[in-house]
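Trainee: Dropping the sequence and predicted coords here.
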Amino acid sequence: MKFQQTCLICFVNIFVVVYITLDITLNDQIWEWNISLTKALQDNQSTGLDWMFLFFSYLAYIPPIASIYCYLFRDNKLNSILYLVVVIISVTSNELLKSLYHQPRPYMIEDDGIEGIKCNSDYGKPSGHSQNTMVMLTMLPFLLFPSLKNFSRRKKSAQVVDEYTRSRVLSHTGFTIESQQLGDYKQKSNLSSNDQDQQISQTSITFKIIFFLLLYVTVFMTGLSRIYLGVHTVGQVVLGFVYGLYISFMYIQLVHFPLRNKILQIINARFTVEHRGIIVPISILLLIFLIILDIILLELNVNFMVSFDEKQLWLFRVNECSKSSYDFHYPKLLYNGPFCSTGFGAMITGLTFGMLKSRGSYEEGLFESNYFLLHRRKRILRIIIFISLFLFLIPFVFIQSNNIYIQLFLQVIPVSLYVGIVLTWIYPLILRKYKFSIQGDIFHKGNSKKQQRLLLDLEQSMEQTDDYYFSLFLFYSLSFINLTSYINFNQLVYLY
């Protein structure tokens, strides 16, 4: 790890620790300031503003859909899976943090002038929508559409690289062209040195700048919408932004490239009994640890952290806002919501297990050119197979219980495990079995020579990232408390 990178990471961690300290110290002052701001926003309330802020509030659902799109139709399938992993880590971490902070939403306390336009019933700190939007939109150009983050690629070189990409001669990364082969291709294309020095057009750069501005305007508007709707304070929203930037920064700086190379190395070398003997128990133990921690936080919230009078007041305001008659067993109420939603972390266990069960190779960068050669009928059937696999989840939607342990162990965890296994095992297996799999698919059965070449390239790349395990250890040790985010994905699991 470079010295400058280490210094930057230390600075970011110090900043986050200082901000968290200030947030705790100035909590009362921030809360009072939020009352004034929320009242000022809601004094100008109108149907148009309500719909506009509700729109920004629901934007958190779109980026995961983009990752599914990339998984089905784009070259960077592994990155789309890693994108989901980052989001799931954020979701589960945020739920744990909500249980730790156990701070209510402003409409649950302030009955003088603050209306709950949207009646979220769980804890409010830190803001999951704000943080999740920050994480997902920051990682969107980095993982799903990496060409958007490149502002310096040369114009003529970009043309040659695009042609070269279409000619299906890409490296194992899917984003970096193998230098020797690309050099030969440039010579065949008669690319002069003057052409190589031409910078990418100002129009393209302007478009990318506007795109990034729109991304972060969307992030800001999402946070503002949560304040306007009365479901978060300024402090909860800003804390969500800070945590969101932190998880994105730490993942990009420490984890992504060494983790990605390691996964590619394991995939193309085929899994061995030794790998299963190590990885499977670790993934199961991590899930068990997450569940135990979840249960401990639940019991602390029920019996120690919050007084009965406070809980009674918050429950009354939730029922008043939503015009319902919930009791303390309602699965989405206060500490119950974070307890159930933490189970989404099981998806990572499902992804890991499915990856270990799969066979084949992954030659990224070859999918799109092969996909367009497929007959239209096969393309449609691939989509139908993918959708059909998720129809098996419909019965889980109709499971209804006020017992949160039933919700966690019979709904959330099984659904999360199943989704992970489908993405990395069942779906690739069906494609191979019925000969719908093509080169570039994840776990496509490539020939042994290509697997050997990919493995050799990856081993060489791993020599340059010998701090892989140290990076992972540092990331998880520094990030465990600070990783946060929240998606209301449980709307798809719970039916009320």
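Mentor: That came through, no problem. Numbering: from 1, shown residues only.
Trainee: List the contacts of stretch 59-66.
Mentor: 84, 87, 129, 132-133, 136-137, 140, 144, 218, 222, 487-488 (C-beta atoms under 8 Å, 6 or more residues apart in numbering). All C-beta spots, glycine's among them, are computed from the backbone N, C-alpha and C.
Trainee: Kindly give a single ChimeraX line that selects the buried subset of those residues.
Mentor: Typed into ChimeraX, the line below selects the buried ones among the contacts of stretch 59-66, using 16 or more other C-beta atoms under 10 Å:
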select :84,87,129,132,133,136,137,140,144,218,222,487,488
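Trainee: Distance of the residue nearest the centre of the chain relative to Leu144?
Mentor: Nearest to the mean C-alpha position of the chain, counting by C-alpha atoms, centre = their mean, stands Val87 at 1.9 Å. Taking C-beta to C-beta, to the nearest Å as the measure, Val87 falls 11 Å from Leu144.
Trainee: Can you pull the residues that touch both of the two?
Mentor: Between them, Val87 and Leu144 share the contacting residues Ser67, judged by C-beta under 8 Å, 6+ apart.
Trainee: Does Leu431 touch Ile385 like I think?
Mentor: Yes - contact criterion C-beta atoms under 8 Å: Leu431 and Ile385 qualify, at 7.3 Å.
Trainee: Stretch 112-125: which residues count as buried?
Mentor: Per 16+ other C-beta under 10 Å, stretch 112-125 contains these buried residues: 114-125.
Trainee: could I get these as a markdown table with pLDDT, distance to Gly343 and secondary structure?
Mentor: Listed next are those as a markdown table, based on pLDDT from 0 to 100; distance: C-beta to C-beta, whole Å; DSSP: H, G, I helix; E, B strand; the rest coil:
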| residue | pLDDT | distance to Gly343 | secondary structure |
| --- | --- | --- | --- |
| Ile114 | 84 | 32 | coil |
| Glu115 | 84 | 32 | coil |
| Gly116 | 86 | 26 | coil |
| Ile117 | 87 | 29 | coil |
| Lys118 | 86 | 24 | coil |
| Cys119 | 87 | 23 | coil |
| Asn120 | 87 | 19 | coil |
| Ser121 | 89 | 18 | coil |
| Asp122 | 89 | 14 | strand |
| Tyr123 | 92 | 17 | coil |
| Gly124 | 90 | 20 | coil |
| Lys125 | 90 | 21 | coil |
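Trainee: Quick check, pLDDT for Asn44.
Mentor: pLDDT recorded at Asn44 is 83.
Trainee: burial count for it?
Mentor: 8 (other C-beta atoms under 10 Å).
Trainee: For it, grab phi and psi.
Mentor: Note on Asn44: its backbone torsions stand at phi -100, psi 20 [degrees, to the nearest 10].
Trainee: Any figure for the gap between it and His129?
Mentor: 21 Å.
Trainee: likewise His375?
Mentor: His375 is 42 Å from His129, where distance means C-beta to C-beta.
Trainee: Lys323 now?
Mentor: For Lys323, the distance to His129 equals 23 Å [C-beta to C-beta].
Trainee: Next: Phe396.
Mentor: From Phe396 to His129 the distance is 24 Å (C-beta to C-beta).
Trainee: before we move on, the earlier item: ok, of the contacts of stretch 59-66, which one's closest to Leu391?
Mentor: Of all the contacts of stretch 59-66, the one with the least separation from Leu391 (C-beta to C-beta) is Leu84, at 19.9 Å.
Trainee: For the closest one, give me its contacts.
Mentor: Counting by C-beta under 8 Å, 6+ apart, Leu84 touches 64, 67, 347, 351, 423.
Trainee: quick one: the second one and Ser225, what's the gap?
Mentor: What it means is Ser67. Using C-beta to C-beta, Ser67 is found at 23 Å from Ser225.
Trainee: Next: the last one.
Mentor: Spatial separation of Leu423 from Ser225 under the definition C-beta to C-beta is 31 Å.
Trainee: Which one's more surrounded, the two?
Mentor: Neighbour count, other C-beta under 10 Å: between Leu423 and Ser225, Ser225 has more, with 28 against 24.
Trainee: Go ahead and list the helix or strand containing that one.
Mentor: Assigned by DSSP states H and E, Ser225 belongs to helix 202-228.
Trainee: quick check: angle from the next helix or strand after that helix to helix 202-228?
Mentor: Next along the chain after helix 202-228, taking DSSP H and E as the criterion, comes helix 234-250. Counting by axes from the mean of the first three to the mean of the last three C-alpha atoms, to 10 degrees, helix 234-250 lies at 140 degrees to helix 202-228.
Trainee: Distance from the chain centre to helix 234-250, please.
Mentor: 14 Å (C-alpha atoms, centre = their mean, to the nearest Å).
Trainee: what about that helix, average pLDDT?
Mentor: On average, helix 234-250 scores 93.
Trainee: Leu290 reaches Met347, doesn't it?
Mentor: No - the criterion here is C-beta under 8 Å, and Leu290 misses it with Met347 at 11.5 Å.
Trainee: Who has more neighbours out of these two?
Mentor: Comparing Leu290 with Met347 by other C-beta under 10 Å, the one with more neighbours is Met347, at 27 against 19.
Trainee: now the more buried one: how far from Tyr371?
Mentor: From Met347 over to Tyr371 (counting by C-beta to C-beta), the distance is 26 Å.
Trainee: do the same with Phe396
Mentor: 32 Å.
Trainee: and if you look at Asp441?
Mentor: Asp441 is 9 Å from Tyr371, by C-beta to C-beta.
Trainee: got it, and Leu213?
Mentor: 32 Å.
Trainee: Which one's more surrounded, those two?
Mentor: Neighbours per residue (other C-beta under 10 Å) separate Leu213 from Tyr371, with Tyr371 holding more: 19 against 10.
Trainee: ok, that one touching Ser437?
Mentor: No - Tyr371 lies out of contact with Ser437 (C-beta under 8 Å); the separation is 11.1 Å.
Trainee: which residues are common contacts for the two?
Mentor: Counting by C-beta under 8 Å, 6+ apart, no residue touches both Tyr371 and Ser437.
Trainee: starting at the chain centroid, how far to the helix or strand containing Gln265?
Mentor: Gln265 belongs to helix 256-269 when assigned by DSSP H and E. Averaged C-alpha coordinates place helix 256-269 at 19 Å from its chain's average position (C-alpha atoms, centre = their mean).
Trainee: Which strands and helices lie in contact with that helix?
Mentor: helix 77-101, helix 448-463, helix 468-479 (3 or more C-beta pairs under 8 Å, 6 or more residues apart in numbering; DSSP states H and E).
Trainee: Where among the ones you listed is average confidence lowest?
Mentor: Among these, helix 468-479 carries the lowest mean pLDDT (a mean of 42).
Trainee: tell me which residues in stretch 95-108 are buried?
Mentor: Judged by neighbour count (16+ other C-beta under 10 Å), stretch 95-108 contains these buried residues: 95-108.
Trainee: same check, this time on stretch 285-303
Mentor: Buried, per 16+ other C-beta under 10 Å, within stretch 285-303: 286-287, 290-291, 294, 297-298, 301.
Trainee: One more: stretch 308-319?
Mentor: 311, 314-315, 317-319.
Trainee: As a check, name the ranges of all helices in the stretch 301-450 of the chain.
Mentor: All helices of the stretch 301-450 of the chain, identified by DSSP state H, counting those that start in this stretch, fall at 308-322, 336-341, 346-357, 367-371, 376-390, 394-397, 404-407, 413-421, 427-433, 448-463.
Trainee: shaky segments in the chain?
Mentor: Filtered on pLDDT under 70, the chain yields the residue ranges 1, 149-203, 268-277, 359, 446-496.
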